[in-house]
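Peer 1: Output the structure for:
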Amino acid sequence: RGMYVIMDVVTNMLTSPGFKYDPQPSIDQVTACVISAENHYWNGSFAPTDIISNRSTLDWGNDVPLYLRNQSFFQRCGGQDQYRPDGQKFENMPHVYKSKRATFYEAGLLWPEPFRSPGDMPDFATMNPTFQELFTNLMNYWVAYADIDGFRFDATKYTSADFVAYLSTNTRAYAATLGKKLFFNTGEILSPGAVPFLYLYLGSQASEETSAECSAHAGCLGLLGDCCPNPGGFLACCFSDVSKEKPMPRKVREMNEELKATVATLSSPGPALPTFYPTDDHMFMRSVLQGSANASSWWNNSEWTAAMNNINGILSSQGIPEWTWMFTESQDVKRLLQDKKFASDLWRLKLSMAWTYTWWGMPTLYYGTEQGFNGMCNKYKDGVMSEDTVISKGMEAEARDSLIGMCEEGEKDSLKRQDMFTGGPFRLGSAVPSVQEHAKIRGHMPRAYPPHWCEEPILDRSNEVYTMARALARIRKSC
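Peer 2: Below you'll find the model as predicted:
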């Protein structure tokens, strides 16, 4: 009762056994494909997307759904690790976005695959109109079938803004026909400061202004995307500061025109997402809570305040700031207490919740925070961490050695996602002593057996973090 369901959806790529490039593209082929796609994005139209050059071919394997087995539904440029803008590796590019090289970086986000482990994970061709309609219809099916109240679109910064506008507008419009007037959509944009054209993904978007430099540039005459090809074949974008001029790709401009009538019927603003997450605020607060920055940095660090004010300004002018998720823990970052120096410091978690529930935006509590989960594999007593692990000695040596290595490295996603019930085999540590007592990594599959969840010892509803979380939630709900 009183609950809403937000569905988590991967929007940028597909992975499946045997789904791979055949053959693998070369570095030159990847770079040429990325350049061609970026040119098409800024200066192309709704013409067939097969005009993008140097695309590779995919082998479907056995499990890719039949309705997705169309080569044109996938970008097929290759891996981000093979993209060479100006002859340099993409990951070595300086983060300079107030220059004419903003599209070099954007191209590396949108068109090659950022994830290639354990195998190929081909990106969707999000500029393809047929794919846009297909994917949106799949989402609308879940709205009707499962009574979904919103979507959290994963990896939004790796998809084109025209697709995000189409998807966000049409899912909200369909939900409205089912009586869901305030349908909640948000998108994951990790490191928002590293997305040069962030404003294109949010709400009403920004009204672009063609710069005087672009208007006077002979190569740009007649082009609507504020970018023009240079002799090297890539985009020499005719703007000097994207944060002020806010240029808009032709594909996005044409999509907005197509969606105008539908957008006018919506209660939340604009064609794009009403909000996104995370903001820079949560990483700054984690730095304070973990002791790597002073609390006074929140007000005195000019880089911090500028970043927070910039994001808040974009959200306030284009979207719905109140819908923005605020948190200090999530599936994308280590547990706040995943450090031997302060793994048992409950006060750090309590401060994090106080900030989460009182800062602007929507407080979001990652599972296990209220039980003091710390992602640690060590035993400890009276707040003192031991070198002994909670890994069972009854499993095979190879498996145990692998787990010990994972715990010592401390970077695996598994450490952020420990089991929450005693029937689970992967029960990591907690700063709450009554929960820490049950920490154990065992060599068996998850089991469903007593006790009933109401008596589940890992769900200790009397510990001080849990009771504080309940109190803060009640205070926030009363506002």
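
Peer 1: Now do the strands in the chain.
Peer 2: With strands called from DSSP state E, the chain shows them at 6-10, 20-21, 58-59, 150-154, 184-188, 227-229, 235-237, 275-277, 325-326, 362-363, 378-381, 384-389, 426-427, 440-441.

Peer 1: now, of these, which is deepest in the fold?
Peer 2: The highest mean neighbour count among the strands of the chain, using mean count of other CB atoms under 10 Å, belongs to strand 275-277: a mean of 25. Every C-beta, even on glycine, is put in place using the N, C-alpha and C of the backbone.

Peer 1: which residues are in contact with that strand?
Peer 2: Contact with strand 275-277 is made by 156, 185-189, 192, 201-203, 315, 319-321, 323-325, as judged by CB atoms under 8 Å, 6 or more residues apart in numbering.

Peer 1: Go again with 7 Å.
Peer 2: 156, 186-189, 201-202, 315, 319-320, 323-325 (CB atoms under 7 Å, 6 or more residues apart in numbering).

Peer 1: With stretch 380-389 instead?
Peer 2: 340, 343, 344, 377, 378, 379, 404, 407, 436.

Peer 1: One more: stretch 283-301?
Peer 2: In contact with stretch 283-301 (CB under 7 Å, 6+ apart) are residues 304, 328, 336, 348, 351, 352, 355.

Peer 1: Looking at those, state which has the most neighbours.
Peer 2: residue 328 (27 neighbours; other CB atoms under 10 Å).

Peer 1: Residue 365 versus that one, what's the distance?
Peer 2: Here residue 328 is placed at a distance of 10 Å from residue 365 (CB to CB, to the nearest Å).

Peer 1: among the strands of the chain, which is nearest residue 474?
Peer 2: Nearest of the strands of the chain to residue 474, taken as CB to CB: strand 362-363 at 12.0 Å.

Peer 1: Adjacent strands (with direction) for the closest one?
Peer 2: Sheet pairing of strand 362-363 (DSSP bridges) gives strand 325-326 (parallel).

Peer 1: Tell me the confidence at residue 233?
Peer 2: For residue 233, the model assigns a pLDDT of 42.

Peer 1: ok, now residue 217?
Peer 2: Per-residue confidence (pLDDT) for residue 217: 52.

Peer 1: for residue 328, same thing?
Peer 2: Looking at residue 328, its pLDDT reads 95.

Peer 1: tell me the contacts of it?
Peer 2: By CB under 7 Å, 6+ apart, the contact list for residue 328 reads 282, 285, 286, 289, 336, 352, 356.

Peer 1: go with 10 Å
Peer 2: Shown in contact with residue 328 (CB atoms under 10 Å, 6 or more residues apart in numbering): 278, 281-283, 285-286, 288-290, 335-336, 348-349, 351-353, 355-356, 364-366, 369.

Peer 1: again with residue 379
Peer 2: By CB under 10 Å, 6+ apart, residue 379 lies in contact with 385, 386, 387, 388, 389, 390, 429, 436, 439, 440.

Peer 1: For the most centrally placed residue in the chain, name its beta-bridge partners.
Peer 2: Compute the mean C-alpha point of the chain, and by CA atoms, centre = their mean the closest residue is residue 188, 2.9 Å away. Under DSSP bridges, the beta-bridge partners of residue 188 are residue 277.

Peer 1: contacting residues around it?
Peer 2: 8, 10-12, 152-158, 276-278, 325, 330, 332.

Peer 1: same thing with residue 402?
Peer 2: 391, 395, 396.

Peer 1: Just the buried residues out of those residues, in PyMOL syntax.
Peer 2: To isolate the buried subset of the contacts of residue 402 in PyMOL, counting by 16 or more other CB atoms under 10 Å, use the following:
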select buried, resi 391+395
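
Peer 1: Show me the shaky parts of the stretch 201-350 of the chain.
Peer 2: 207-245 (pLDDT under 70).

Peer 1: For the nearest residue in space to residue 108 that is not next to it in sequence, the count of nearby residues, please.
Peer 2: In this structure, residue 108 finds its nearest non-sequential neighbour in residue 90, 4.3 Å apart by CB to CB, 6 or more residues apart in numbering. Neighbours of residue 90 under the rule other CB under 10 Å: 22.

Peer 1: mind listing what residue 90 touches?
Peer 2: Residues near residue 90 by CB under 10 Å, 6+ apart: 30-31, 34, 79-84, 104-105, 107-109, 112, 114.

Peer 1: Drop anything exposed from these.
Peer 2: The buried subset of those (16+ other CB under 10 Å) comprises 30-31, 34, 79-80, 82-83, 104-105, 107-109, 112, 114.

Peer 1: Show me which of the contacts of residue 379 is closest to residue 170.
Peer 2: Nearest member of the contacts of residue 379 to residue 170, counting by CB to CB, is residue 429, at 44.7 Å.

Peer 1: before we move on, the earlier item: is it possible to get JSON lines of the contacts of residue 402 that adds pLDDT and distance to residue 24?
Peer 2: Below are those laid out as JSON lines (pLDDT from 0 to 100; distance: CB to CB, whole Å):
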{"residue": "391", "pLDDT": "92", "distance to residue 24": "38"}
{"residue": "395", "pLDDT": "87", "distance to residue 24": "37"}
{"residue": "396", "pLDDT": "88", "distance to residue 24": "35"}
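
Peer 1: Where helices are concerned, which of the contacts of residue 402 count?
Peer 2: Judged by DSSP state H, the contacts of residue 402 include no members of helices.

Peer 1: Tell me the one among the contacts of residue 402 nearest to residue 476.
Peer 2: residue 391 (38.8 Å).

Peer 1: Quick check: pLDDT value at residue 196.
Peer 2: In this model, residue 196 carries a pLDDT of 80.
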